[in-house]
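>>> when you get a sec, could you give me coordinates for this:
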Amino acid sequence: MEERGSTGGQRRRSFANVTAIERVLTVLEAINRMPTITVKRISSECDVPAATVVRILETLCAQGYLVHLSRRAGYSLTSRVKALSAGYHGPPMIVERLSKYVDALTMQHLWPFSIATLEHDVMVIQYTAMELSPLSHVRTTLHRRLSLVGRAYGIAYLAFCSSIERHHLARIIFSQDYPEKDAIKSLRDWKDLIMRTRARGYAIRPRNFDPTTSTIAVPIMIGPGRVAATIGMTFFRRSLRPAQVAGYASILKATAKEAGEELRAAILARQEETALATPSGLVTG
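Numbers count the residues shown, from 1 in each chain. Alright, predicted model coming up:
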């Protein structure tokens, strides 16, 4: 048995590879490349029996490296995988923290709730409880990319992020063929949209993009002008009166406040851990 050494030569080994470890590492590498982690997909890509994949994934869950979202959504990496490498590309830490709020809201109020985060110039649904809702209009919106100006999740982000960030995003929106850009026809429309949203404290999806359903969303703040994510609820327009919509918006705002406080505390704790782990006198960057 031989293996290649660090100098490029071969050195003799007295033992064979541990097949179980090989399989775990193969699965971990595949997971980092996948936007959606399911047993079937991993089994096919890694050529590992499905039963073995399940045991590997459940073991990784038990050790804190994965979280099982649901049977349909599959699994998701947690931030603990950073302990293995710097190549963590799973959903951000906020999804780990906020999914419980989304599930609880959906179970209590039946309408589907979801979380979205900003990725460059669009909002992406990072977690949804649609499969828990008997009132969902589609099976799932997980990983769906949403316009900043035509969707409630994006409008909530724009309205409450810092003015500097909003100016940057506005330049992107107005300088290219941006999706659903027709929602804003002029600079006045833009200012009115931001002011109305800030005044009522929540965003609502423009009617012209879907006459059947609507979504309301609010920002989850971790500091002045710092929007970590937006959390929202989708419903059938004919099912709720304006007063009921405002009531659900209040529930969302209260949840967002609690979630934002938890996120802020978690971020501060992580920063303190990093500072303690950095040897005195060394500069990192």
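
>>> Arg264 versus Val67, what's the distance?
Separation of Val67 from Arg264 (C-beta to C-beta, to the nearest Å): 21 Å. C-beta: built from backbone N, CA, C; applies to glycine.

>>> looking at this, Ile125 is in a helix?
No - Ile125 is assigned strand when assessed by DSSP: H, G, I helix; E, B strand; the rest coil, not a helix.

>>> that one - how many residues pack around it?
Applying other C-beta atoms under 10 Å, we find 20 residues neighbouring Ile125.

>>> from memory it sits against Thr141, does it?
Yes - using C-beta atoms under 8 Å, Ile125 is in contact with Thr141, at 4.8 Å.

>>> do a quick rundown of the strands in the stretch 101-250 of the chain.
Remark: strands assigned in the stretch 101-250 of the chain by DSSP state E, counting those that start in this stretch are 113-119, 122-128, 145-146, 203-204, 213-223, 226-236.

>>> and those strands: which comes nearest Ile37?
strand 122-128 (13.6 Å; C-beta to C-beta).

>>> quick one: residues in contact with that closest one.
Residues outside strand 122-128 that contact it (C-beta atoms under 8 Å, 6 or more residues apart in numbering) are 69, 91-92, 94-95, 98-99, 102, 112-118, 140-148, 151, 153-154, 157, 179, 229-230.

>>> which of those residues are buried?
By neighbour count, with 16 or more other C-beta atoms under 10 Å, the contacts of strand 122-128 hold 69, 91-92, 94-95, 98-99, 102, 112-118, 140-142, 144, 146-148, 151, 153-154, 157, 179, 229-230 as buried.

>>> which residues are in contact with both of Ile125 and Thr141?
Joint contacts of Ile125 and Thr141 (C-beta under 8 Å, 6+ apart) are Ser114.

>>> so what's Ser43 up against?
Pro49, Ala50, Val53.

>>> restricted to buried residues, select those in PyMOL.
A single PyMOL command selects the buried members of those (16+ other C-beta under 10 Å):
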select buried, resi 53
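
>>> so which of the contacts of Ser43 are in helices?
Ala50, Val53 (DSSP state H).

>>> and the contacts of Ser43 as a markdown table, adding distance to Glu258 and pLDDT?
Shown next, in a markdown table, are the contacts of Ser43 (distance: C-beta to C-beta, whole Å; pLDDT from 0 to 100):
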| residue | distance to Glu258 | pLDDT |
| --- | --- | --- |
| Pro49 | 43 | 90 |
| Ala50 | 39 | 89 |
| Val53 | 36 | 89 |
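
>>> of the contacts of Ser43, closest to Ile251?
Val53 (38.9 Å).

>>> settle this for me: the closest one is touching Leu28, isn't it.
No - assessed by C-beta under 8 Å, Val53 is found out of contact with Leu28, at 11.8 Å.

>>> residue nearest the centroid of this structure?
Gln126 (2.9 Å; C-alpha atoms, centre = their mean).

>>> so what pLDDT did that residue get?
pLDDT for Gln126: 92.

>>> what does stretch 156-174 contact?
116, 118, 121, 123, 148-149, 178, 181, 184, 190, 193-194, 197-198, 202-203, 217-219, 221, 224-227, 230, 232.

>>> got the domain ranges for this structure?
2-83, 93-271 (automatic domain parsing).

>>> and Ala229, how far from Arg270?
Counting by C-beta to C-beta - Ala229 and Arg270 are separated by 17 Å.

>>> what's near enough to touch the closest residue in space to Thr26 that isn't next to it in sequence?
Excluding the flanking residues, the one nearest Thr26 by C-beta to C-beta, 6 or more residues apart in numbering is Cys46, at 4.9 Å. By C-beta under 8 Å, 6+ apart, the contact set of Cys46 is Arg23, Thr26, Val27, Ala30, Val53.

>>> how about 6 Å then?
Thr26, Val27, Ala30 (C-beta atoms under 6 Å, 6 or more residues apart in numbering).
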